[in-house]
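Engineer: attaching a predicted model along with its sequence, questions to come.
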Amino acid sequence: MAKIVVDVMLKPEILDPQGNAVASALPRLGFNFAKAVRQGKRFEIEIDGEPTAAQLAEVEKAAEVLLSNPVIENFVVRVEK
Amino acid sequence: MRVGVITFPGTLDDRDAARAVVVGGAEAVSLWHGDADLKSVDAVILPGGFSYGDYLRCGAISRFAPVMQLVIDAANKGMPVLGICNGFQVLCESHLLPGALTRNSDLHFLCRDQEIEIVNNQTAWTSSFKQGEKVVIPLKNMEGAFQCDDQTLAKLEGEGRVIARYVGENPNGSRNLIAGITNAKGNVVGLMPHPEHAINELTGPSAQGLGFFTSILNAMV
Amino acid sequence: MALDTVAIAQTTPNNSQPFAELGLKPDEYARIKEILGRRPTSSELAMYSVMWSEHCSYKSSKVHLKQFGEKAPKSDALLVGIGENAGVVDVGQGYAVTFKIESHNHPSFVEPYQGAATGIGGIVRDILTMGARPIAVMDPLRFGPADAPDTRRVLPGIIAGVGGYGNCLGLPNIGGEVTFDETYAGNPLVNALCVGVMKHSDIKLAKAAGAGNLVVLYGAKTGGDGIGGVSVLASETFGAGGSTKRPSVQVGDPFVEKVLIECSLEIFAEDLVVGIQDLGGAGLSCATSELASGGSGGMKVQLDKVPLRDPSLSPEEILMSESQERMCAIVEPSKIARFLEICKKWDVTVTVIGEVTDGKHLEITWNGELIVDVPPRTVAHDGPVYNRPLAQPAYIDQVNSQKVNVPIPVSAAEIKAAVLKLAAAPNLADKSWVTSQYDKYVQGNTIQSQPDDSGMVRIDETTHLGVAISTDANANWSYLNPYQGAKLALAEAARNIATAGARPLAVTNCLNFGSPEDPGVMWQFAESVRGLADGCLEMGLPVTGGNVSFYNQTGSVAILPTPVIGVLGVIQDVRTRTPMSFTQAGLDLYLVGETHEDLAGSEWAFLHNQRVGQSPDADLQREMRLIELLLEGNSFFAAAHDLSQGGLSAGLTEMVLRHKVGVIISLDNAGVSLISETPGRVLVAIDPSNTARLEGLATKHLIAITKLGTTGGDSLTINDAVISLSELSTAHTSTFPKLFG
């Protein structure tokens, strides 16, 4: 059984108030390492066996059509063991 | 004139939109998300609410409802379509309108009586207003920040496709204070604030929202 | 763990069982064995332990609460009284309105967002289960000191949770309260009220009648939420300084509940249920035992049929689970097909899990084995009843004998400073930071909401019939004199209703107290209930139901006694309501009612760290005359605003800032007049041409009136103290954003 992971992030030019809120909260807790923070989404998709190239292509399509909104988001698909 | 009002699971302001349609002078027809049937309406409203609980993204799941394919086809053929709040979000997810609505910049749900300026009164849903008319209608949402890339913004502004702008302080971080936009043909309109809640001073801040519902009576079918 | 069945229990009477860990006392455990004639199975033990917990069984409060029935005033309006999920009153034109207030205090301290969210979810289901469409919510909230770090943790989450769940359900929030006091640090109070409307014929009750009828579970799937939350959490105080107890908190999904509401209303409209119960505290244990008790007693349930989110749950856990958004209906076999169809339309999970039987027992099986076999009334209704010892605490005589020692403003500068100080006080400041996170417009029938004196919704769009609701409490007065405090809160809520022109009709209550094991707290509780019951009888307002929340304390320090009283009233035409404030200049402003030096328990005293003295005495006869005056005056009053916390100072501030129209007034003894909190007073604005009418009403109802001055201008001017509206507004509206961002 394998896991296909789709990471979805807002495009760089899109305002991310949630990421900003996290960035503001970190120093208040004594964490001063962050220059900036962006917040995104991660989808974990379980499939039987190892993913084929065709399946990965399907996941890419699903990511484009449903899992992300291409108007404001980018996505990356990868396989996790 | 028959105006369809779509109910998705989680839609909240459908009965309010229907009421406004009737007060505006048309007949309200209830449309079910799961039925691929527009019941011969002359126009369609996608009302506000939290369809599918805003799961995934606001409007992302509603957009694939059986009724929506008919709405898209009809819209492309010129049928007037108004998306209010969540409805606006569905229209953007459906790509009937450009851009997207994202989380309010201060991260809070915001309900307030909001002044907006009608900057384009040439659409099917804004023809009752005077150009530049300012009205006060309720704004109530968590994800109302209109965002798009620079190219899209330039196109919208250049083609006069912004139909309403927030007056005063930006309530949610929308680019260029955009409260509503239209498509190139002017038949599909998305509006963040809720005109159906401003149809009388008994239950709302004004009766100035009615203009959206009377405009449609002037629209050619 | 091997399944513990009835058969095994019968043959292993001496197995030791963890009854103490589940919150049962030895005598209670013994009683269960006596009832069953054997030791309970572990599933039965789980059921009894949750259902006999304080939160579910009301064991410490029952003996006192029965006064609401014993002293109930005769009222033709009461259609369903205490004992059902919520009370129902007849409001005319064939409509019935159901309303109730409940608490979700302890979970909200642990997980503010979900605690508050599921509090809303729970009370809404209680209303739905009566057969009504929920139409509005209100949220009386109480927090620790406004500037305390933990308040900053708890408050935003609770507000977001109330809004997040209520907004998503499409319910307008029409009012509430936000009060700060160190007494609630560590024990925030989250009380949630819901009101619903239906036609008389729609009323549904929680009873399983008719052998052969099906027991149907629908809504969300069952998971491990809140296992033991009720019996463990609400019957325990938080240890001061120890590690925070983090038992499982319920997590809500308002979308599922919204769909559940629409699905249920369609089911009700087609008359497909014989009885219905929502699953709240104690989940299935409660629903099955209460439904069975409501019928003739017999029910068979196949627990393994319950659809699960988590397949690893044991039968005991399934019975105790508090997963949200679930309902249990009793459906005739001839109607089940249509019931299932409607659930399918809304994509709601639905399962037949049992049937009503001829017998007198609730029998639950797990994969064919009998694991529960109990007389349901013994679980749901005949739980332990405690007559806990009560003793007037020593502090009462001490504080009552002290006099409030506060500075009284005299000079114009002092008057101005006092008005501004009160306007900016967190308890009195503008609450838009909170209320703008709530949808007040959805459903299109909201006539009044915050900051008006009461929430008001229209229930018939043709006749404009409406209802008004107000929730009120004064913990300071309840602390000084619990008997009077309850009566005073009742009077205030009723007065808030009448101020808008609605006639008070019925009462609900949420009684928030410390540990009932403390005789002093128990005395406060008993006195509060006695005061409320006596007050309701005198005012002719029946208590339709309510909620008790005990164990609100940290260590041995209990919260101030905080009985929250909700009053519902009816207005024949919402268009004729009296608005809270004026939009015109040139009106005459009157104080209706007399002011005395009532500083004990006031906000001014609170700001000066004084909680001593004697509370005012409630004069309910006078309050009732005032109510009649307000109702008659509705036909010509331009505006009316009730005075409560913050007295005349706060009342004037709120009135002038509502529509930014000032007033110029003269006051004798201005300092005391402004800060005193004498009950039974209302500010009224009238057109000068109606002076004789107002004087006539005052004479008729024996209420003193004093003309204060006139409306107009851009300042609040009291004698020679001039406070510009902009300065007043800044003071009033800056507090919350400064505190909470």
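Structural biologist: All right, it came through fine.
Engineer: now B:L110: how far from B:N141?
Structural biologist: 7 Å (C-beta to C-beta, to the nearest Å). To be clear about C-beta, it is placed using only N, CA and C from the backbone, and glycine gets the same treatment.
Engineer: anything in contact with each of these two?
Structural biologist: Both B:L110 and B:N141 are contacted by B:104, B:172, under the criterion C-beta atoms under 8 Å, 6 or more residues apart in numbering or on different chains.
Engineer: more neighbours, the two?
Structural biologist: Legend: neighbour count by other C-beta atoms under 10 Å in any protein chain shown for B:L110 and B:N141, higher for B:N141 (27 against 18).
Engineer: any idea how far the more buried one lies from chain A?
Structural biologist: To chain A, B:N141 is 14 Å away according to C-beta to the nearest C-beta, to the nearest Å.
Engineer: give me the packing partners of the worst-scoring helix or strand of chain A on mean pLDDT, helices and strands only.
Structural biologist: Lowest by mean pLDDT, DSSP states H and E among the helices and strands of chain A is helix A:17-28, with a mean of 90. With contacts defined as 3 or more C-beta pairs under 8 Å, 6 or more residues apart in numbering or on different chains; DSSP states H and E, helix A:17-28 has no helix or strand neighbours.
Engineer: and if we set it to 10 Å?
Structural biologist: Contacts defined by 3 or more C-beta pairs under 10 Å, 6 or more residues apart in numbering or on different chains; DSSP states H and E place helix A:17-28 against strand A:2-10.
Engineer: got a list of what B:I61 touches?
Structural biologist: B:I61 is in contact with A:66, B:8-10, B:33, B:51-55, B:90, B:93, counting by C-beta atoms under 10 Å, 6 or more residues apart in numbering or on different chains.
Engineer: so what pLDDT did residue 50 get?
Structural biologist: Going with chain A. A:E50 is assigned a pLDDT of 90 by the prediction.
Engineer: try chain B instead
Structural biologist: Note on B:F50: pLDDT of 96.
Engineer: hang on, it packs against B:N86?
Structural biologist: Yes: when contacts are counted by C-beta atoms under 10 Å, B:F50 is listed as touching B:N86 (6.6 Å).
Engineer: element containing the residue of the stretch 301-450 of chain C at minimum distance from chain A?
Structural biologist: Nearest residue of the stretch 301-450 of chain C to chain A, counting by C-beta to the nearest C-beta: C:Q437, 15.4 Å away. Following DSSP states H and E, there is no helix or strand that holds C:Q437.
Engineer: now find how far off-centre the one helix or strand C:P563 maps to is within its chain.
Structural biologist: In the assignment (DSSP H and E), C:P563 maps to strand C:562-571. Relative to the chain's own centre, strand C:562-571 is displaced by 9 Å; criterion: C-alpha atoms, centre = their mean, to the nearest Å.
Engineer: dump stretch B:118-130 to CSV, restricted to CA.
Structural biologist: Output in CSV follows, covering the C-alpha atoms of stretch B:118-130 (Å, rounded to 0.1, in the frame of the first residue of the first chain):
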residue,chain,number,x,y,z
ILE,B,118,-22.6,50.4,-7.8
VAL,B,119,-19.9,51.1,-10.4
ASN,B,120,-21.5,49.2,-13.3
ASN,B,121,-25.2,49.5,-13.8
GLN,B,122,-25.2,47.8,-17.2
THR,B,123,-25.5,44.2,-16.0
ALA,B,124,-28.7,42.1,-15.8
TRP,B,125,-28.7,42.5,-12.0
THR,B,126,-27.7,46.1,-11.6
SER,B,127,-29.7,48.0,-14.2
SER,B,128,-32.1,49.4,-11.6
PHE,B,129,-29.4,51.4,-9.9
LYS,B,130,-27.9,54.7,-10.9
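Engineer: okay, buried residues for it please.
Structural biologist: Of the residues in stretch B:118-130, B:118-121, B:123-129 count as buried by neighbour count, 16 or more other C-beta atoms under 10 Å in any protein chain shown.
Engineer: let's have these in a markdown table, adding pLDDT and distance to B:L156.
Structural biologist: A markdown table is the format used below for the buried residues of stretch B:118-130 (pLDDT from 0 to 100; distance: C-beta to C-beta, whole Å):
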| residue | pLDDT | distance to B:L156 |
| --- | --- | --- |
| B:I118 | 98 | 16 |
| B:V119 | 98 | 11 |
| B:N120 | 98 | 10 |
| B:N121 | 97 | 16 |
| B:T123 | 97 | 13 |
| B:A124 | 96 | 17 |
| B:W125 | 97 | 16 |
| B:T126 | 97 | 15 |
| B:S127 | 97 | 19 |
| B:S128 | 96 | 22 |
| B:F129 | 98 | 19 |
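Engineer: which of the three states applies to C:V91?
Structural biologist: For C:V91, the assignment made with DSSP: H, G, I helix; E, B strand; the rest coil gives strand.
Engineer: can I assume it is in contact with C:A506?
Structural biologist: Yes: with contact taken as C-beta under 10 Å, C:V91 and C:A506 are classed as touching, separated by 9.5 Å.
Engineer: so which of the two has more stuff around it?
Structural biologist: C:A506 (27 against 24).
Engineer: partner strands of the strand or helix carrying that one, parallel or antiparallel?
Structural biologist: Using DSSP H and E, C:A506 maps to strand C:503-512. Looking at strand C:503-512 with DSSP bridges, its partner strands are strand C:543-549 (parallel), strand C:562-571 (antiparallel).
Engineer: would you mark the buried spots in the last one?
Structural biologist: The one in question is strand C:562-571. Applying 16+ other C-beta under 10 Å to strand C:562-571 flags C:562-571 as buried.
Engineer: show me which residues of stretch C:612-624 are buried.
Structural biologist: C:612-616, C:618, C:620, C:622-624.
Engineer: let me know how buried the nearest residue to C:G662 once chain neighbours are set aside is, in neighbour terms.
Structural biologist: Closest residue to C:G662 apart from its sequence neighbours, by C-beta to C-beta, 6 or more residues apart in numbering or on different chains: C:G713 at 4.1 Å. For C:G713, the neighbour count with other C-beta under 10 Å is 16.
Engineer: now swap in the one 3 residues further on and tell me
Structural biologist: The number of residues packed around C:L716, counting by other C-beta under 10 Å, is 26.
Engineer: quick check, it in a helix?
Structural biologist: No: using three-state DSSP, the secondary structure at C:L716 is strand, not a helix.
Engineer: show me the contacts for it.
Structural biologist: Taking C-beta under 10 Å, 6+ apart, we find C:L716 in contact with C:416, C:419-420, C:423, C:649, C:652-653, C:655-657, C:662-665, C:722-725, C:727-728.
Engineer: filter those down to just the ones in helices.
Structural biologist: Members of these lying in helices (criterion: DSSP state H): C:416, C:419-420, C:423, C:649, C:652-653, C:655-657, C:725, C:727-728.
Engineer: got those residues as a markdown table, with distance to C:V521 and neighbour count columns?
Structural biologist: Formatted as a markdown table, the ones in helices among the contacts of C:L716 follow (distance: C-beta to C-beta, whole Å; neighbours: other C-beta atoms under 10 Å in any protein chain shown):
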| residue | distance to C:V521 | neighbour count |
| --- | --- | --- |
| C:K416 | 41 | 20 |
| C:V419 | 37 | 26 |
| C:L420 | 37 | 19 |
| C:A423 | 34 | 28 |
| C:S649 | 33 | 29 |
| C:L652 | 37 | 29 |
| C:T653 | 35 | 26 |
| C:M655 | 38 | 23 |
| C:V656 | 41 | 26 |
| C:L657 | 39 | 21 |
| C:L725 | 45 | 18 |
| C:E727 | 44 | 16 |
| C:L728 | 40 | 24 |
